[in-house]
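prediction below, plus the sequence it came from.
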Amino acid sequence: MCTLRFFLLFLIPILYFPILNADEPDAEIRLYSTICAVKDGKLVETDTIVIQINNRNGEEYCNVEISFDKSDPLSHFSAWIADTNGFVTRELKKQDYRDVNEIDDYALYQDDFVRKFTLKHNVYPYCIGYTYQSVSKQFLGIAHWSPVIDTDIPTRNARLSVQCPKNYPVQIFESNISSPRAIESPGYTSRSWNAEYNGTLKKEVFCPALWNFLPFVEIIPLQFTYGISGSMESWMSYGEWQYNLIRGLGELPLSEQTKVSGLISQITDKKEIVKVLYHYLQDNTRYVNVSLGIGGMKPYPAEYVSINRYGDCKALTNYMKALLKSAGIESFYSKIYAGGQPRDVIREIPGQQFNHVILAVPMEKDTLWLENTSNTNPFGYTGTFTQNRLALWVDSGRSRLVRTPSLKETDVQVTTRIEFFFDFEGNAKTKLNCNYRGDRFEKYNSVYTQYNRDIQNTYVHDHMPFQSFELYDWALMKKDRDDRNIALESSMLVRNIVKSIGNDRYFSIVPSEIPDFTPVKSRKLPVQLPYPLNMTDTLIYHLPFPGKVVLPDSTCREGKYGSYHLRFRCEGKTITVYRDFLL
C-alpha cells in the first residue's frame with residue numbers, strides 16, 4: 001500500500017542572463033562636441049552631435065529633442081542627414097521642426113521649451129547631425145558635460161572646449177576622464193577635454209546612479225549673477241546667495257495670519273502647532289510647477305500661494321515657512337536632490353546640485369523635515385524620496401550641508417501572513433494580510449489616497465504573489481493620515497498549488513520578494529542600498545487530509561550585511577513556514 005506524502009519544496013530561482021552578441025551597436029555617436037565661451041559676462045555654448053544609425057533598431061535616436069529656455073533661445077541651428085563619408089543627403093528645413101512648451105502634468109506654465117524634429121533615412125548605415133548655439137545672460141554653471149545620450153550606445157569621439165577670460169576664477173570637477181589640455185591666448189585661458197565611452201554600462205539592481213561611471217566635467221564660476229550677485233567659493237556663500245534670493249518672499253496676507261492664529265490658539269506644544277499647520281498646507285494647496293524667469297531658483301511669494309492655493313516645491317516650502325513664521329516658529333529652506341537612489345553631492349564644487357526643496361524645523365531634541373508637495377505624506381516623514389542624503393540648509397551666515405535622517409530597519413519592515421486552506425483538487429482558499437512600511441508603504445499609500453476603487457483594484461491584483469488566482473475581496477487600511485504603515489487584507493482562490501507525482505503530492509512555498517541580484521561573478525557595478533530591506537513572512541498551509549509530510553531542512557545565514565532565516569514546523573495537518581530577510 002502506498003503512503004500519500006506531501007513534499008514542501010523550497011525552490012531557488014535560476015537566473016537567466018541573455019547572451020550579448022559582439023556585433024555593431026544599433027547606433028553610435030560619431031562626434032559629440034561642446035564649446036563653451038564666457039565673453040562679456042555671457043555664456044555662449046555651441047553643441048554639435050553626429051549619430052550613426054546602423055539598423056532599424058537604432059532609429060529611436062532619429063527623434064531628437066533639444067531643451068532650451070525661452071530667455072536664451074537657440075541660434076545658429078541646423079540639422080542634416082549624411083552618409084558615413086560625411087556627404088550630406090538632406091538638410092532640415094524650418095517647417096520640419098517645431099518648438100513646444102515643455103509642460104508636464106504638474107506644470108501650469110513655464111519658460112522651458114523643447115525643439116523637436118526627426119531625421120530618418122532608408123539606407124543603413126547613415127548619420128544624422130545637428131548643431132546649435134545658445135547664449136545665456138545669467139548662469140550658475142559654465143559646463144555640466146557628459147558626452148553620452150544613452151548608456152546603451154557608444155561615443156567614439158567627444159570633445160569639450162572651455163574658454164574663459166584670464167583672472168576669471170572657476171572651479172573644475174572631472175571624473176572618468178583624462179586631464180585637460182590648457183592653452184593661453186591674449187586675454188583668455190582655454191581648456192579642452194577628450195573622451196569616449198564604449199556603450200557597455202548596464203544598470204544593475206541597487207547600483208549607484210550610472211552617471212557616476214561616465215566621463216563627466218563640471219565647471220562653475222566662483223562669482224556669478226543670477227537674479228542677484230553671489231559666490232560659490234563655499235557652501236556657506238552659495239547658501240547666502242539663496243538666502244538673499246528668497247528674502248522678503250515670506251509675508252502672508254493679514255487674513256492668512258488671522259487664520260493661523262485661529263488654528264493654533266488653543267495649542268501650546270510646538271510640534272503639535274507644526275503638525276496642525278502642515279495639515280492646513282496639505283488640505284488647502286496643491287503642487288503645480290510655475291517656472292518663469294529665474295523661477296528655477298526663486299520661489300513665488302508666500303502671498304501668491306496664499307491667494308492662488310498652488311505652487312511648486314519652492315513656493316510651497318516658502319509658504320509653509322511663512323505659516324510657521326506667523327506662529328513664531330523658525331524653520332529653514334533646504335535644497336536637496338530627491339529620488340529613490342540618493343545622489344552624491346560633489347562637496348568640492350559648491351553650487352546648484354539640487355532638484356527639490358524641503359523645510360527643516362528644529363525641535364528641542366531633533367529636527368522635523370517637511371515634504372510640502374504631497375497632500376498625503378505623513379507629518380514629519382522622511383521617505384525614500386529624500387532620506388539619507390545631503391541637503392543645503394539655508395541660513396544667513398550659517399548655510400551648510402546637513403544629512404537628512406535615514407530610514408532604519410523598523411521603518412521599512414514588510415510583514416506578510418498568508419494562510420492556505422487546500423481542497424482535494426490542489427486549489428486553496430487563501431487569506432493574505434500584509435503590513436507595509438517604507439517604499440511599499442509609499443506606493444500603496446499613493447494608490448490608497450489618490451486613486452479610485454477601480455485603479456486600486458488593478459494595482460492590488462497586479463501585485464499579488466500568485467500567477468493563477470481569483471481575487472474575492474480586499475481592503476487597504478490606515479489608522480490615520482500620519483500613520484507610516486498601511487495594511488492590506490485580501491481573500492482569494494489560488495489555483496493549482498498542489499501537484500502530483502504518483503501517490504506523492506508536492507507544492508512550492510510562495511517565493512520571497514528578495515531583489516533578484518546579479519551573481520557576484522557576473523556583477524560589474526557596486527551594490528548601493530539606499531535603505532535597508534527587511535521582510536518577515538509567515539506562511540500557513542492547512543492540508544486536506546493526513547499523510548506523511550516531508551519538509552526541507554531549515555536554513556540560517558548570518559553575515560556582515562544581513563541575515564536570512566527559513567524555518568519549518570508541522571503540527572498535525574498544518575505546515576507553518578517562517579521566513580525572515582534583512583539586508
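Alright, I've got the coordinates. Numbers count the residues shown, from 1 in each chain.

whichever strand or helix holds Ser334 pairs with which strands?
For Ser334, the host element (DSSP states H and E) is strand 332-336. In the sheet, strand 332-336 lines up against strand 356-362 (antiparallel), strand 390-393 (antiparallel) (DSSP bridges).

check these for me and report the most buried one.
For those, the stretch with the most neighbours on average is strand 390-393, a mean of 23; neighbours defined as mean count of other CB atoms under 10 Å. For the C-beta atoms, the positions are set from N, CA and C on the backbone; glycine is no exception.

just checking, next helix/strand downstream of that one?
Stepping forward along the backbone from strand 390-393, the first helix or strand reached (DSSP H and E) is strand 400-403.

and that next one, what does it pack against?
helix 235-246, strand 390-393 (3 or more CB pairs under 8 Å, 6 or more residues apart in numbering; DSSP states H and E).

by contact count, what packs against the first one?
Contact here means 3+ CB pairs under 8 Å, 6+ apart; on that basis helix 235-246 packs against strand 228-231, strand 332-336, strand 390-393, strand 400-403.

make JSON lines out of these and add mean pLDDT and distance to Leu432.
Below are those laid out as JSON lines (pLDDT from 0 to 100; distance: least, CB to CB, whole Å):
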{"stretch": "strand 228-231", "mean pLDDT": "96", "distance to Leu432": "55"}
{"stretch": "strand 332-336", "mean pLDDT": "97", "distance to Leu432": "36"}
{"stretch": "strand 390-393", "mean pLDDT": "98", "distance to Leu432": "38"}
{"stretch": "strand 400-403", "mean pLDDT": "97", "distance to Leu432": "37"}
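
ranking the ones you listed by burial, who's on top?
Of the helices and strands packed on helix 235-246, the one with the most neighbours on average (mean count of other CB under 10 Å) is strand 332-336, at a mean of 25.

list the contacts of it.
By CB atoms under 8 Å, 6 or more residues apart in numbering, the list of residues contacting strand 332-336 from outside reads 242-243, 246, 317-318, 321, 354-362, 369, 386, 389-395, 402, 404.

from the chain's centroid, how far away is it?
Taking CA atoms, centre = their mean, to the nearest Å, one finds the center of strand 332-336 at 18 Å from the center of the full chain.

excluding its backbone neighbours, what's nearest Leu392?
Lys335 (4.4 Å; CB to CB, 6 or more residues apart in numbering).

is that neighbour bridged to anything, and to what?
Per DSSP bridges, residues listed as beta-bridge partners of Lys335: Val357, Leu392.

quick one: what helix or strand has the nearest residue to Lys499 once chain neighbours are set aside in it?
Of all residues beyond its chain neighbours, the one nearest Lys499 is Tyr506 (5.7 Å), with distances taken as CB to CB, 6+ apart. Assessed by DSSP H and E, Tyr506 sits inside strand 504-508.

which parts of that strand are buried?
Residues Asp504, Arg505, Phe507 are the ones in strand 504-508 that count as buried (16 or more other CB atoms under 10 Å).

again with stretch 89-101
Here stretch 89-101 shows Leu92, Tyr97 as buried, counting by 16+ other CB under 10 Å.

what about it, start to end distance?
Taking CA to CA, to the nearest Å, stretch 89-101 runs 31 Å from one end to the other.

how far off centre is that stretch?
Computed by CA atoms, centre = their mean, the separation of stretch 89-101 from the middle of its chain amounts to 33 Å.

then stretch 381-393?
Relative to its chain's centre, stretch 381-393 lies at 12 Å (CA atoms, centre = their mean).

using PDB, write down the CA coordinates of it.
Coordinates of each C-alpha in stretch 381-393 appear next as PDB, following Å, rounded to 0.1, in the frame of the first residue of the first chain:
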ATOM      1  CA  TYR A 381       8.000  61.500   7.400                       C
ATOM      2  CA  THR A 382      11.300  61.500   5.500                       C
ATOM      3  CA  GLY A 383      10.500  58.900   2.900                       C
ATOM      4  CA  THR A 384      12.600  57.100   0.300                       C
ATOM      5  CA  PHE A 385      12.400  60.300  -1.800                       C
ATOM      6  CA  THR A 386      14.600  62.500   0.500                       C
ATOM      7  CA  GLN A 387      16.000  60.200   3.200                       C
ATOM      8  CA  ASN A 388      19.700  59.700   3.900                       C
ATOM      9  CA  ARG A 389      21.400  62.400   1.700                       C
ATOM     10  CA  LEU A 390      23.000  65.800   1.900                       C
ATOM     11  CA  ALA A 391      20.800  68.900   1.900                       C
ATOM     12  CA  LEU A 392      21.900  72.500   1.800                       C
ATOM     13  CA  TRP A 393      20.400  74.200   5.000                       C
END
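
list the contacts of that stretch.
For stretch 381-393, the external contacting residues (CB under 8 Å, 6+ apart) are 235, 238-239, 242, 332, 334-340, 342-343, 345, 354, 356, 358, 360, 369, 371, 377, 399-407, 438-439, 442, 482, 484, 530-531.

excluding chain neighbours, give the residue nearest to the most centrally placed residue in the chain in space.
Centre of the chain computed as the mean C-alpha position; nearest residue by CA atoms, centre = their mean is Gly339, 2.9 Å away. What sits nearest to Gly339 in space, not counting adjacent residues and going by CB to CB, 6+ apart, is Phe385, at 6.9 Å.

Val205 versus that neighbour, what's the distance?
Taking CB to CB, to the nearest Å as the measure, Phe385 and Val205 are separated by 19 Å.

about what we covered before: check the residue nearest to Gly339 and give its pLDDT.
The score at Phe385 is 95. That number is its pLDDT.

picking up where we left off before, distance to Asp516 for the strands paired with strand 332-336 - can I get that in CSV?
What follows is those, written out as CSV (distance: least, CB to CB, whole Å):
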stretch, distance to Asp516
strand 356-362, 30
strand 390-393, 30
